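> return atomic coordinates for the entry below.
(chains A and B)
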Number of protein chains: 2
Amino acid sequence: MENRTLIVNGVERVVVASPEASLAEVIREQLLMTGTKIGCGQGQCGCCNVILDGKLVRSCVTKMAKVPDFADIVTIEGIGTKAHLHPLQLAWMVHGGAQCGYCSPGFIVSSKALLDKNLSPTREDVREWFQVHRNACRCTGYKQLVDAVMDAAKVMRGEMKAEDLMYKLPADGQIWGGVIPRPSALAKVTGMCDYGADVGLKMPAGTLRLALVQAKVSHANIKGIDTSEAEKMPGVYKVVTHKDVKGNNRINGLVTYPWNKGDGWDRPILCDEKVFQYGDAIAIVCADTLANAKAAADKVKVDLEELPAYMSASAAMAEDAMEIHPGTPNIYYIQTIKKGPETQSIFEQAPVIVEDDFYVGRQPHMPMEPDVGSAYMNAEGKLVIHSKSIALYVHALMIATGLGLQPTDLVMIQNPSGGTFGYKFSPTMEALVGAACLATGKPVFLGYDYHQQQTYTGKRSPFFMNIRMAADKDGKLLGMETDWSVDHGPYSEFGDLLTTRGAQCMGAGYDIPAIRGEGRTVCTNHAWGAAFRSYGSPQAEFASEVLMDELAEKLGMDPLELRFKNAYRPGSTTPTGQAPEVYSLPEMIDIIRPKYQAALAKAKANSTAEIKRGAGVSIGIYGCGLDGPDTSTVVLELCPDDTFTLYSTWEDHGQGADAGALGTLHQAFRPMKVSPDKIKLVMNDTSKSPDSGAAGGSRSQLVTGRAIVAAASLLMAGMRKGDGTYRTYKEMIADNIPVKYDGTWTVPATACDELSQGSPFVVYMYGVFLAEVAVNVKTGETQVEKMTLVADIGTVCNRLVTDGQLYGGLAQGIGLALTEDFEDIQKHSTLIGASFPYAKAIPDDMELIYVETPRPEGPFGAAGVGELPLTSPHAAIINAMYQAAGVRITRLPARPEVVLAALQKR
Amino acid sequence: MENRTLIVNGVERVVVASPEASLAEVIREQLLMTGTKIGCGQGQCGCCNVILDGKLVRSCVTKMAKVPDFADIVTIEGIGTKAHLHPLQLAWMVHGGAQCGYCSPGFIVSSKALLDKNLSPTREDVREWFQVHRNACRCTGYKQLVDAVMDAAKVMRGEMKAEDLMYKLPADGQIWGGVIPRPSALAKVTGMCDYGADVGLKMPAGTLRLALVQAKVSHANIKGIDTSEAEKMPGVYKVVTHKDVKGNNRINGLVTYPWNKGDGWDRPILCDEKVFQYGDAIAIVCADTLANAKAAADKVKVDLEELPAYMSASAAMAEDAMEIHPGTPNIYYIQTIKKGPETQSIFEQAPVIVEDDFYVGRQPHMPMEPDVGSAYMNAEGKLVIHSKSIALYVHALMIATGLGLQPTDLVMIQNPSGGTFGYKFSPTMEALVGAACLATGKPVFLGYDYHQQQTYTGKRSPFFMNIRMAADKDGKLLGMETDWSVDHGPYSEFGDLLTTRGAQCMGAGYDIPAIRGEGRTVCTNHAWGAAFRSYGSPQAEFASEVLMDELAEKLGMDPLELRFKNAYRPGSTTPTGQAPEVYSLPEMIDIIRPKYQAALAKAKANSTAEIKRGAGVSIGIYGCGLDGPDTSTVVLELCPDDTFTLYSTWEDHGQGADAGALGTLHQAFRPMKVSPDKIKLVMNDTSKSPDSGAAGGSRSQLVTGRAIVAAASLLMAGMRKGDGTYRTYKEMIADNIPVKYDGTWTVPATACDELSQGSPFVVYMYGVFLAEVAVNVKTGETQVEKMTLVADIGTVCNRLVTDGQLYGGLAQGIGLALTEDFEDIQKHSTLIGASFPYAKAIPDDMELIYVETPRPEGPFGAAGVGELPLTSPHAAIINAMYQAAGVRITRLPARPEVVLAALQKR
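Numbering: from 1, shown residues only, chains lettered A, B, ... in the order given. Predicted coordinates:
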């Protein structure tokens, strides 16, 4: 232990710390300045950036031994505060730079360090700076961050006034369709937003810190767990194992379809009989400090009988493979699709047939914030769980029985969350902290490190797909045959639903009269399958969208025109036999056409012997919601001070739930002309807010949006007077009219049947992607130079939010196409190992064009947005690469070595 | 446990806390926003003020159960930051509002709440606001705080620019004699200054929290200590008792004079055989949390045989009293004074003789910050102790043997300290945390609550005095006889030195040719005697200054003229036979005379039947330093960036050590014209800075000031070139000239001998006090309406600092005169119980007049300052009360019931 005087944000402070502690730990855990975030903890993300003696450093890898006495340290807290925002913070807010916001403090500090050196950077200077300093953002696609730095620099150079940068309410007072910064932006850009680790650090003294004992093998029988030595370690309160879990010790996978062969009770909270995958939690050490908990975790002895590990769908489907969950076949779910007439004869007669195999891999979510949770008993005796859950009420259902409770015994609270992109549809953390709290009777906190985040949260499930298309000689699609196997890892959570997505998405966008196919969910020992943005469609649509290009080539047609010819028009039906709610694809293709043609010409002109450029397109479609009927409830209250409080569980991945709720209610209130600052949002706490459903499948803006409109209608009906004016709170009370209303809406949809037919969604999102790429034929490296997306997401609630969703999704699509993977558990367990896309991997040139076709069922015509940009951008990239260099990669990611090998095979 | 959303400084934060926790605990310990301080923890000091939903609240007594969800909370961190100071913060800095600074956040928040309601308050409005909201300050005397609020309001009303309020370096660049804010002011007014409790909260995870097992009786034999049950309590690491202390388990009282009958080894670190006073520490429970430590402390069983408690000097001196420390007489030190001829014949022949008994009580220091400390082992294996120590190297000496270490095995660090006023000359806390750290091998933290602060830190030692004066008929003093007994409590720490102060101070200021007397230090079972501002003189000079008024009355002379007649003039000697270094008292009396006469007239004019007004005077004198030779060392370094670093252990009570060091070095550097921002101070850490001695007896400005001048001279000599310019760091290195120099100075003084004769100080401070009072003869309540102090403290280093010292000392003098006490251990164990003076007890009208007689030995002519204002202001008040209402109170404090009783006896 040493004492250091540090000049923190201009003020001398003394801190006593171990020389081995990182500066980030000292800043966060000792100074409790939690604006500095720890993301990867390995110097690979920049969330922990501070300026140390004038130099930008990643504080998580800066040991205190290297921090000199009297070092000058600038953290986000020293850059600006609410009352005096730094131009960078202001610019970050108005450009939507803070989505989940977890990276924002690190980026802003980084940008400050850049502008301290160079107040007139070019956009490329900014990108280069972010790249070199490893500032990672998973939400935005970086473009808005560069925009923000450029504008902040203008303000700092005196070329723009800060006031001119600020958001101003339009003269008509309408925020719908505008760019009002999300309510949470201020807290995020000032470092004041408390994420889970921050909440954990701020828990009362006596909160137990948890460390997991995890499996280091992928499949094994457990013969014994010996905690005796660990229990004697210093600071240990208890070592919790499955024996301490009072319920059935299972997380319910919530089987969706009755023809699922599993019962959903396959996943232990703490392993009892078997280890099913690497990282599986076997015990939880509860101690006074994390260091003590970890030291004791190393002393828990687990006696394992290792079993063959089935690390892919094909391995698990092999004849001789044992049942991973004894009693349930490894292929536990089969989804058939039958649309229209039999395809056999169509294929026998069709003039043109194409067929190919495709594989889309185990994309890791890679949020900046690793998973985190805390739990405690409240005064009512309920178990309160804080986590990143994006499905609060659903998770209570999934874990209550396992813990030995009723769902109503649980209070679920979502902390501000540093990105989930879907992985937090799995309540692993929630069950673990709940079990530890119940077993010890103490408040508990558990935070994953990034290795745990990568290896022990769910991943996108790989699809192994074979797909055939038949067309007439003019390119009109006649039929499609599909076969797909989903490697869903060992746990069934929503695995059946995902497999059905294959049926819904393959061939989506096109009027295909006849479809036959079968998909299957396969239990393996690789990472369990979790929800991931656009769930199912990036796999399924990759296959059909690349095959469409193959078909166009075979036909000698332009790929865009082939799509134009077959795109949904009145009379068309989706693969599930549903009539689309709008038919905007032809219009969207018309918009992209000149851009696509120009891109082709430019690519040709700019290609060299080494760098081959090309352009490719794809169509992407995704339904807003969960399949079939789906309900959301909100509560709206007129408060004594004549403000309004909206209670909802519109969970936030970082997508902008607060902006969505605010914008929708504000629009619903337009007749009353309510100023946005009169609307308070109480969100994501089941003790305070009703069940608005999970935040998945771009359902919230639609379903919860409609519930908000319903509640507003009821309240306004109560408030409206005969003369068209509105009652105040006092008048409502005087007139004995209720001031609090439930708003509820249920989607009028029908779930798909066993043959995948139905009308599962009443609103879809439509996109046309154009990718422009440069392939280095010497290295195999591909650079995406521009992405264009024509999006029809209905009318737009908040353009800042939807831009952010679209840019960010495109960036993830680039990662999915070219680099990201989680096949090798060790190699891919870090951001760099899993090829996280840094700034220069994402083009600064991304163009968004909105076609705002109002949705009849959407609130004020809005659809969702979040899934759309990741439906098929990777297909456009792969198609562009073929157009550029003549290589068609059908197995993602298209890493340089894969591309090189394909180039050599040409 | 409940979760709450709180809007903290404009930003939503979620916190999980017990409904029983106080808002202050949550803000500090959970949000770790340590700008909000906890002083008394009982709602009596306002250090914890925050604005809750627009209302000023004391957060230490606001339970979380009473804090509504979504409550809006403003803390000091939300008021302003370094980059954007609130006008209140700026005004606080430039008016010297932050001395120790511990109360500053609470006052600034309080003032903000006032100005939010009333932007044009009168001074009385401000004082009333502070009074009603119990904003307590122990350093300033409140006047500067009112000044600050008035100026801040002007700025906020637009009547003054913030820039006009700011300190500006004078055109000639000189800061000596000016009003530059102390370097630490910024951190204090922004809440960024880390006091001991803040350092403790910021210690690494795993730091043990300590709770003391303390005696609840005042005198007992210990028959057994049973820790077995406590050791089994949750979270307990170890219960430390005397058996775990490796050394001799004693704090050395550092005997000063060889004729002391004690050896200084009387004080146990942890009681082994006996309990000597209420609160004595018997065991230390070391646990993971404070709550667990306290719960376990309740389970330690101590088997006591209670003994008669001697709660006053007279009780302990009784014939049948047992020896409190067996083997050492209760009267363990006797100090005789013999100056000039025998007094017996003088008194037999003198035409006028007066005699009276006086008592000055057990004044508690009542700092805003309760005592606090932490300890850990550093990488070199040294025991590092952080505390409020104002005597770092001395304390290492005092506790090392007890702990079983060499003094060099210790690193002593002073945290920024929220007021000590001398009590931190006792190293109790240091020994306790040191023992706990050594016994556990873990970092440890201990903070006292206010009950512990009051009952288990040293107090001013009561003097029981009898004094006689003989004068001729013209009032010329002929002789003095004195007898005094010092109730020093059970521990000998510096008790002999204190008793000698009685000899030095009784009759100080006057040329008394013959003095005889005897004082004695008495061991009792009441609170141990600790250093307290003006150490000894408030007791001794009270006796002689009130007796001077009795003499004047007997002579029919004006009390001021009697003083003028006898005041030191060339040829006079002090009671110790020393020739004063300057003779400014007659000039000072000349200055006060017209003010005194006007005050008398005004008092007469404004008296009513119920309210009697009067004016009184006194002279106060104190020597700068410890008796006799006394050395200070500093180190001064020219740094590679051509700045200067001054290393010293000029400890800070809040008096402004940093301003003193900066001002003195800056002045010494005048030939080089160094800007103040080029001077860095490394202070109060024995691992970094040399032994500059203790911060006591107003010695630092003199002794360390001279050491600084010495170091500056050496460095400048090295830097000076032939042409009169100065070398840069590079040039020094190139010319092979050292860049780092020790500066040392030893006071050329001689300690007093057994007869109290000697020249113990080479520089004295002189003051003439004028008090104007109003006595309510119906209630006995006395209000001081004005204090005037003519002060000769030599030339002034920093006027803001010296004003602050003088105002603050006067305020403590008012408390000493009228209210403050610690006689009743239970009743007086709180601020209110001990009658802490709030704003309205201290007059807004306080006038300071400087007579700057340069001191030949002082650095640039400066003396010290801190002790002067508390030498005898209470005597002036008591004299004024007599002049007003004809009651002469000789036993302090002159509480209303005492005054009423005396009025009735008239």
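> where exactly do the helices run in the stretch 401-550 of chain A?
Counting by DSSP state H, counting those that start in this stretch, the stretch 401-550 of chain A has helices at residues A:428-440, A:450-455, A:495-505, A:537-555.
> quick one: which of those is nearest chain B?
Nearest to chain B, of all the helices of the stretch 401-550 of chain A, is helix A:428-440, at 10.0 Å by CB to the nearest CB. Yep, even glycine has a C-beta here, placed from its N, CA and C like the rest.
> right, is the closest one up against chain B?
No. Interface with chain B: helix A:428-440 contributes nothing (CB under 8 Å from any CB of the partner chain), its closest point being 10.0 Å away.
> out of the helices of the stretch 401-550 of chain A, which is the most enclosed?
Highest mean neighbour count among the helices of the stretch 401-550 of chain A (mean count of other CB atoms under 10 Å in any protein chain shown): helix A:495-505, with a mean of 28.
> show the average pLDDT along it.
Helix A:495-505 shows a mean pLDDT of 97.
> by proximity to chain B, which residue of the stretch 801-906 of chain A wins?
For the stretch 801-906 of chain A, CB to the nearest CB, closest residue to chain B: residue A:801, 18.7 Å.
> count of neighbours near that residue?
Around residue A:801 there are 26 other residues, counting by other CB atoms under 10 Å in any protein chain shown.
> for it, give me its contacts.
Neighbouring residues of residue A:801 by CB atoms under 8 Å, 6 or more residues apart in numbering or on different chains: A:96, A:182, A:655-656, A:659-660, A:865.
> same deal with residue A:460?
So residue A:460 contacts A:360-365, A:529-530, A:532, A:538-539 (CB under 8 Å, 6+ apart).
> skipping its backbone neighbours, what lies nearest residue A:189 in space?
Of all residues not flanking residue A:189 in the chain, residue A:89 sits nearest, at 4.1 Å (CB to CB, 6 or more residues apart in numbering or on different chains).
> phi, psi of the one you found?
Torsion angles at residue A:89 (phi, psi; degrees, to the nearest 10) stand at phi -70, psi -40.
> number of nearby residues for it?
A count of nearby residues for residue A:89, using other CB under 10 Å, gives 30.
> likewise residue A:596?
22.
> repeat that for residue A:608.
For residue A:608, the count of nearby residues is 10 (other CB under 10 Å).
> so how far is residue A:676 from residue A:670?
According to CB to CB, to the nearest Å, residue A:670 stands 12 Å off from residue A:676.
> oops, could you answer that again for residue A:719 instead?
Distance of residue A:719 to residue A:676, given as CB to CB: 18 Å.
> do residue A:373 as well
With distances taken as CB to CB, residue A:373 is found 32 Å from residue A:676.
> looking at these two, which is more packed in?
Counted by other CB under 10 Å, residue A:373 and residue A:676 do not tie: residue A:373 has more neighbours, with 30 against 15.
> which elements pack onto whichever helix or strand the more buried one is part of?
Residue A:373 is part of strand A:372-377, with elements assigned from DSSP states H and E. With contacts taken as 3 or more CB pairs under 8 Å, 6 or more residues apart in numbering or on different chains; DSSP states H and E, strand A:372-377 sits against helix A:196-201, strand A:383-387, helix A:428-440, strand A:444-447.
> who does it pair up with?
Sheet pairing here is set by DSSP bridges, and for strand A:372-377 it gives strand A:383-387 (antiparallel), strand A:444-447 (antiparallel).
> make a markdown table out of those and add mean neighbour count.
Listed next are those as a markdown table, based on neighbours: other CB atoms under 10 Å in any protein chain shown:
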| stretch | mean neighbour count |
| --- | --- |
| strand A:383-387 | 27 |
| strand A:444-447 | 27 |
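> quick check, the lowest-mean-pLDDT helix or strand in chain A touching chain B?
Within chain A, no helix or strand scores below strand A:11-17, which has a mean of 90 by mean pLDDT, DSSP states H and E. Yes. On the criterion CB under 8 Å from any CB, strand A:11-17 is in touch with chain B at A:11-17.
> as a markdown table, the helices and strands packed on strand A:372-377 with mean pLDDT would be great.
Converted to a markdown table, these look like this (pLDDT from 0 to 100):
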| stretch | mean pLDDT |
| --- | --- |
| helix A:196-201 | 95 |
| strand A:383-387 | 98 |
| helix A:428-440 | 98 |
| strand A:444-447 | 98 |
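> who wins for proximity to residue B:855 among the ones you listed?
Closest to residue B:855 of the helices and strands packed on strand A:372-377 is helix A:196-201 (CB to CB; 53.1 Å).
> hey, C-alpha coordinates of whatever helix or strand comes next after the closest one in CSV?
Beyond helix A:196-201 on the C-terminal side, the first helix or strand identified by DSSP H and E is strand A:208-214. What follows is strand A:208-214, C-alpha atoms only, in CSV (Å, rounded to 0.1, in the frame of the first residue of the first chain):
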residue,chain,number,x,y,z
LEU,A,208,-21.1,-9.3,-0.4
ARG,A,209,-18.9,-9.5,-3.4
LEU,A,210,-19.2,-12.6,-5.5
ALA,A,211,-16.9,-14.7,-7.5
LEU,A,212,-18.0,-17.6,-9.6
VAL,A,213,-16.4,-21.1,-9.7
GLN,A,214,-16.8,-21.9,-13.4
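> buried ones in strand A:208-214?
For strand A:208-214, burial by neighbour count (16 or more other CB atoms under 10 Å in any protein chain shown) applies to A:208-214.
> what do you get for stretch A:36-55?
Those would be A:36-52, for stretch A:36-55 by 16+ other CB under 10 Å.
> check those residues against chain B, which are close?
Answer for the buried residues of stretch A:36-55 near chain B: none qualify (CB under 8 Å from any CB).
> what does the stretch 251-400 of chain A have sitting close to chain B?
A:288-292, A:374, A:376-379, A:384, A:386.
> name the residues that touch the strand holding residue A:373?
Here strand A:372-377 makes contact (CB under 8 Å, 6+ apart) with A:195-197, A:199-200, A:203, A:207, A:383-388, A:415, A:429-430, A:432-434, A:436-437, A:441-448, B:1, B:16.
> using CSV, write down the CA coordinates of it.
The C-alpha trace of strand A:372-377 is given here as CSV (Å, rounded to 0.1, in the frame of the first residue of the first chain):
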residue,chain,number,x,y,z
VAL,A,372,-23.3,-7.3,-13.9
GLY,A,373,-26.0,-7.7,-11.2
SER,A,374,-26.8,-7.2,-7.6
ALA,A,375,-29.5,-8.4,-5.3
TYR,A,376,-30.9,-7.8,-1.9
MET,A,377,-34.0,-8.3,0.2
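> would you mark the buried spots in that strand?
Using 16+ other CB under 10 Å as the test for burial, strand A:372-377 gives A:372-377.
> what do you get for stretch A:729-738?
Along stretch A:729-738, these residues count as buried under the neighbour rule (16+ other CB under 10 Å): A:729, A:732.
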